[in-house]
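Q: Fold the following for me, if possible:
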Amino acid sequence: MGDKSIDLFTSKEYRFLHWLVQQPCIELNGNRVVRMSQPQLAKAYGVSATTVFHLIENLKDANCVAVNSKKSGYIVTPTGHSVIAKLKELESVIEKEALS
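A: Take a look at the predicted model:
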């Protein structure tokens, strides 16, 4: 993730990424594309468009989200899906430890 890496486990970016992957999407060239503008995402997520802009920029910098330029929308990248899967595993471990 380089110089612009972010602590996804405790971040707003992770929560947004987790939410984004659950949104309705279309299949385009083998990618699942969330076809919403930043203002639409902001309204659906309950934050300002500026907040969504910064979340997406940080996720793009971390290679978790890509912009689909042909049909305007956002793609959760393989890296983004891996982050979600790994963090779900960690959350499961933490929950099991808490119950012990």
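Q: State the phi and psi torsions of the closest residue to Glu27 other than its chain neighbours.
A: With sequence-adjacent residues excluded and distances taken as CB to CB, 6 or more residues apart in numbering, Glu27 is closest to Val33, at 7.7 Å. Every C-beta, even on glycine, is put in place using the N, C-alpha and C of the backbone. Note on Val33: its backbone torsions stand at phi -110, psi 120 [degrees, to the nearest 10].
Q: Which strands or helices does whichever helix or strand Glu89 is part of pack on?
A: In the assignment (DSSP states H and E), Glu89 maps to helix 78-99. If contacts are counted by 3 or more CB pairs under 8 Å, 6 or more residues apart in numbering; DSSP states H and E, helix 78-99 sits against helix 12-20.
Q: redo that, cut-off 10 Å
A: Helices and strands touching helix 78-99, by 3 or more CB pairs under 10 Å, 6 or more residues apart in numbering; DSSP states H and E, are helix 12-20, helix 49-61, strand 65-68, strand 73-76.
Q: Name the spans of this structure whose pLDDT lies under the cut-off.
A: 1-10, 70-71 (pLDDT under 70).
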